[in-house]
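Enquirer: build me a model from this:
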Amino acid sequence: MATATSGRSLLATYVHLPPHERRRIAQRASGDLRIKLAHLERQIAMDRSPGALAAVLTEGREKQAPHLDMIDGVFQRIAAGERMQVMITCPPRHGKSQRASRWGPLWYLRRNPTARVMLASYGAELADDHGRWVRDQLRAYAPTLGVHLHPGSHAANRFDLEAPRNSSIRGGMVTAGVGGSLTGKGFSLGIIDDPFKGSDDANSPAQRERTWNWYQSVFYTRRAPGASLILINTRWHEDDLSGRILATEPENWTLIDLPALALSEDDPLGRQPGQALWPEQYDEEELTRTRRAVGERVWWALYQQQPRPLEGGVWQWDWIIKNRTDPVAFRAVDLSRIVVALDPAGGDTPGHDESGIVAAGRSTDGHYYVLADQTGKHSAEARGRETCLLALKLGADAIVVETNYGGDMARQNVVQAWAELERQGQTKGLPMPRIVDVTAKKGKRLRAEPIAQLYETGQVHHLGEFNKLETQMVTWVPGMDSPDRMDAAVHALTELADPSQQGLGTQHYSDQRLRGRR
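Expert: Numbers count the residues shown, from 1 in each chain. Next up, the predicted model:
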């Protein structure tokens, strides 16, 4: 009896031990105990994460990858009791639905058998397929999973679990199509997987509005206290459900943005720009072929999670894309001038519109390069400092400041910021760049068109991707308010192009700082 009791005590303690301690005990265990410990190890593995559960039940056939680990991590935090609202954007065919709409709910219900999962997709049929899959796994692996379907409720689109011992609460899962009724149903974990069927749906303003209204008035209202939400999709349109949520309540959501090719050095997986999301399945070469096959608009929306609107009336996507350059090719470029342009926001606090801060350069062979975009919501002091820091970093010889609408104050902010940087020793004795005042007397179209023509003739090159700036350019139509980033880029390139004068710019230098530059 004492032996049986000590054996149960060991098994109860075993699951809480670190791996090296468990290995030590298993190596010393008798045959019967070793079988019991192997069973416990299987349970421990299945408890670890949705991916680990998948690996056990498929005997290793289910693939795992770092981006799937991130999805697993979301479910782990929610199952542990953390309330989360998470948006995961991911390209097609990268395992997102299999993990988030199938293995994730299955694992979550195993860990929380009194919880209720609600899953919605663009169509009831697809949502029901996910529900049917989860139900079938519960039916096939009930003894292994330790949870059982309730015999009186096991439809694909709504099923209940048997209540755990000493509980009268039954968990379960319900599925529905986006736009469908969910009256009388609630959830502790709500999942929306691909709310739009395709580009036609996403490009329809009426369908986007219906989806948004359904999300607000139907899906969101079914939350139980402390419920969590997961929205996982590829991006079809800048105003799709993800875009609308990010525009209205970004502070309430955690965004995990997973482009097919990394776009920046702050990639959530630590990738360098240009590295593939799942190279074992789709490497950079394969993704390049995909990009050529699907076209730029589909590529940026579905694969890069950067949906780009249709073109406006001045710039075209091809002019930017076909003349883009990368850091390696740029090393051979000899710049004769570099300028930073500041288009101040319509106010002096961070709550106002963004202040456009864009740097550009001109090469000795008459080409132009957009080098950086530091646009942001800055206070008056901060925008001056950001402008000066960028000028220092790039070695700019001029700072162009639009003096309309408070630009005189912006000019003073730049002067004061430079003086402060001098006091801090950050200017390293360099002369302050000349400040070039620009009064935007011309109409927006008259200022933009000459620069757009430089793009059309292949003379302007973007050093890497400037997604927000480029979207502003190609969607701007004369008559619309002129956006901040675009205005700053136009000012910088106009100063460099200097179409109205000969020489090195609208103003000349007496201190020979451009000596040696052609």
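Enquirer: low-confidence ranges, this structure, go.
Expert: Low-confidence segments of the chain, defined by pLDDT under 70: 1-12, 14-16, 26, 35-39, 309-313, 346-352, 404-407, 440-445, 479-480, 498-518.
Enquirer: quick one, strands of it?
Expert: 85-89, 116-121, 149-155, 158-161, 172-177, 187-193, 223-233, 254-257, 335-343, 356-363, 368-373, 398-402, 434-438, 460-462 (DSSP state E).
Enquirer: tell me how far the fourth one lies from the chain's centre.
Expert: Going back to what we said before, that points to strand 158-161. 34 Å (CA atoms, centre = their mean, to the nearest Å).
Enquirer: for that strand, list the C-alpha coordinates in PDB.
Expert: Extracted C-alpha coordinates of strand 158-161, given in PDB (Å, rounded to 0.1, in the frame of the first residue of the first chain):
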ATOM      1  CA  ARG A 158     -21.900  23.600 -32.700                       C
ATOM      2  CA  PHE A 159     -20.800  21.000 -30.300                       C
ATOM      3  CA  ASP A 160     -20.400  20.700 -26.500                       C
ATOM      4  CA  LEU A 161     -17.900  18.800 -24.300                       C
END
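Enquirer: that one pairs with which strands?
Expert: Applying DSSP bridges, strand 158-161 is found paired with strand 149-155 (antiparallel), strand 172-177 (antiparallel).
Enquirer: make JSON lines out of the strands of the chain and add distance to Trp103 and mean neighbour count.
Expert: Bear in mind the C-beta positions are built from the backbone N, C-alpha and C, glycine included. Shown next, in JSON lines, are these (distance: least, CB to CB, whole Å; neighbours: other CB atoms under 10 Å):
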{"stretch": "strand 85-89", "distance to Trp103": "14", "mean neighbour count": "20"}
{"stretch": "strand 116-121", "distance to Trp103": "12", "mean neighbour count": "26"}
{"stretch": "strand 149-155", "distance to Trp103": "18", "mean neighbour count": "12"}
{"stretch": "strand 158-161", "distance to Trp103": "17", "mean neighbour count": "21"}
{"stretch": "strand 172-177", "distance to Trp103": "13", "mean neighbour count": "25"}
{"stretch": "strand 187-193", "distance to Trp103": "12", "mean neighbour count": "24"}
{"stretch": "strand 223-233", "distance to Trp103": "13", "mean neighbour count": "19"}
{"stretch": "strand 254-257", "distance to Trp103": "17", "mean neighbour count": "16"}
{"stretch": "strand 335-343", "distance to Trp103": "48", "mean neighbour count": "26"}
{"stretch": "strand 356-363", "distance to Trp103": "45", "mean neighbour count": "27"}
{"stretch": "strand 368-373", "distance to Trp103": "39", "mean neighbour count": "22"}
{"stretch": "strand 398-402", "distance to Trp103": "53", "mean neighbour count": "26"}
{"stretch": "strand 434-438", "distance to Trp103": "57", "mean neighbour count": "19"}
{"stretch": "strand 460-462", "distance to Trp103": "40", "mean neighbour count": "23"}
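Enquirer: okay if I get those strands as JSON lines plus distance to Trp133?
Expert: As requested, the strands of the chain are exported to JSON lines (distance: least, CB to CB, whole Å):
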{"stretch": "strand 85-89", "distance to Trp133": "19"}
{"stretch": "strand 116-121", "distance to Trp133": "11"}
{"stretch": "strand 149-155", "distance to Trp133": "13"}
{"stretch": "strand 158-161", "distance to Trp133": "12"}
{"stretch": "strand 172-177", "distance to Trp133": "10"}
{"stretch": "strand 187-193", "distance to Trp133": "12"}
{"stretch": "strand 223-233", "distance to Trp133": "16"}
{"stretch": "strand 254-257", "distance to Trp133": "23"}
{"stretch": "strand 335-343", "distance to Trp133": "52"}
{"stretch": "strand 356-363", "distance to Trp133": "49"}
{"stretch": "strand 368-373", "distance to Trp133": "44"}
{"stretch": "strand 398-402", "distance to Trp133": "57"}
{"stretch": "strand 434-438", "distance to Trp133": "60"}
{"stretch": "strand 460-462", "distance to Trp133": "44"}
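Enquirer: nearest to Gln316, out of those strands?
Expert: strand 460-462 (12.4 Å; CB to CB).
Enquirer: can you give the contact residues for the closest one?
Expert: Residues outside strand 460-462 that contact it (CB atoms under 8 Å, 6 or more residues apart in numbering): 319-320, 323-325, 367-370, 451, 454, 470, 493.
Enquirer: and the closest residue to Thr403 other than its chain neighbours, how far from Glu402?
Expert: Of all residues not flanking Thr403 in the chain, Asp437 sits nearest, at 4.9 Å (CB to CB, 6 or more residues apart in numbering). Plainly put, Asp437 is 8 Å away from Glu402 if you go by CB to CB, to the nearest Å.
Enquirer: equivalent analysis for Arg223, please.
Expert: Distance, Arg223 to Glu402, using CB to CB: 46 Å.
Enquirer: got it, and Leu371?
Expert: Distance from Leu371 to Glu402, counting by CB to CB: 19 Å.
Enquirer: Gln98 now?
Expert: Using CB to CB, Gln98 is found at 51 Å from Glu402.
Enquirer: equivalent analysis for Arg111, please.
Expert: Following CB to CB, the distance that separates Arg111 from Glu402 is 57 Å.
Enquirer: could you dump the strands paired with strand 158-161 to a markdown table with distance to Leu57?
Expert: Shown next, in a markdown table, are these (distance: least, CB to CB, whole Å):
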| stretch | distance to Leu57 |
| --- | --- |
| strand 149-155 | 16 |
| strand 172-177 | 17 |
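Enquirer: ok, which of those strands comes nearest Glu296?
Expert: strand 172-177 (31.0 Å).
Enquirer: show me where the stretch 1-150 of the chain has its helices.
Expert: 2-14, 19-28, 31-48, 50-57, 66-79, 96-98, 104-111, 124-140, 142-145 (DSSP state H, counting those that start in this stretch).
Enquirer: show me the contacts of strand 460-462 that map onto helices.
Expert: 319-320, 451, 454, 470, 493 (DSSP state H).
Enquirer: just to revisit the earlier point, who's the residue nearest to Thr403 bridged to?
Expert: Applying DSSP bridges, one finds that Asp437 bridges with Val401.
Enquirer: report the contact partners of the residue nearest the centre of the chain.
Expert: Nearest to the mean C-alpha position of the chain, by CA atoms, centre = their mean, lies Asp257 at 2.7 Å. Going by CB under 8 Å, 6+ apart, Asp257 touches 89, 268, 305.
Enquirer: what's opposite the residue lying closest to the second one once chain neighbours are set aside in the beta bridge?
Expert: In other words, Pro268. What sits nearest to Pro268 in space, not counting adjacent residues and going by CB to CB, 6+ apart, is Ile256, at 5.8 Å. Per DSSP bridges, the residues bridged to Ile256 are Ile88.
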